[in-house]
Structure formats: C-alpha cells, structure tokens
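Colleague: Here is my input; please provide its structure:
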Amino acid sequence: MDCDEKKPRTFQEALGLVLDDMRDLMIRKQRDYGPGNILDFMDYGVCVRANDKMARLRNLYKSGDAPKNETIDDSWIDLANYAVIALMVRRGHWGLPMAEDVRHD
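Modeller: I've put the predicted structure just below:
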C-alpha cells in the first residue's frame, strides 16, 4: 500500500479497494490481449492459466525468492480475475467490446 493511499476503516472499504485493483488490471490486460486468447480455449484455457498462476505462487512462496517481473499481489489479482473471466465465459459475456469501442448514435 502506498503511503498516500487511504487506509480502509471497514471490510467493505477494503473489499472495494481490492475490487478496484482487480477491475483496473483486468481492463488494462483486456486492452493489451483482447478477447481472442480466451475465446480460443474458453473456460478450459482459463483453468490452465489459473493453474500457471498457482504454480508461480507456490514456487515463489516455497523458494522465498523475490519475484522478478510482476508482484505477488499482481499474481493473486490475476488469479482472482481468471475466476471472473471464467464466469463471464460461462455466461456468454466474454468477447463483448470495450466501452470506448461502442458507438453511441
């Protein structure tokens, strides 16, 4: 947590901060990757990606090594976001356009 960041006073505020981080990261990655990588293998592919994140976390915790690329928090957020992506796939919502790509006539 940055020193400028407001410390939450309630569970709901803390949850809101985590969900905001999840949302921001998912939107940034969606802009980078687009929906195709998920659409290729659907929820099975999400399971594989989630397993990769779990393997990374297990390795980092077991070895005690400092991460070289993304933070441990980023890996946990990615893992949570994979669960959200799987639900979006299962509900038929994956592949919808980004808000900025929708024309409002």
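
Colleague: Can you show me the helices along this protein?
Modeller: Listed in chain order, the helices of the chain (DSSP state H) span 11-33, 36-39, 42-63, 72-90.

Colleague: hmm, who's touching the third one?
Modeller: Helix 42-63 is contacted by residues 37-38, 41, 67, 72, 75-76, 78-79, 82-83, 85-86, 89-90 when judged by Cβ atoms under 8 Å, 6 or more residues apart in numbering. The way it works is simple: take the backbone N, C-alpha and C, and place the C-beta from them, glycine included.

Colleague: tell me the angle that helix makes with helix 72-90.
Modeller: 160 degrees (axes from the mean of the first three to the mean of the last three Cα atoms, to 10 degrees).

Colleague: My guess is residue 98 contacts residue 31. True?
Modeller: Yes - proximity of residue 98 to residue 31 meets the contact threshold set by Cβ atoms under 8 Å, at 6.8 Å.
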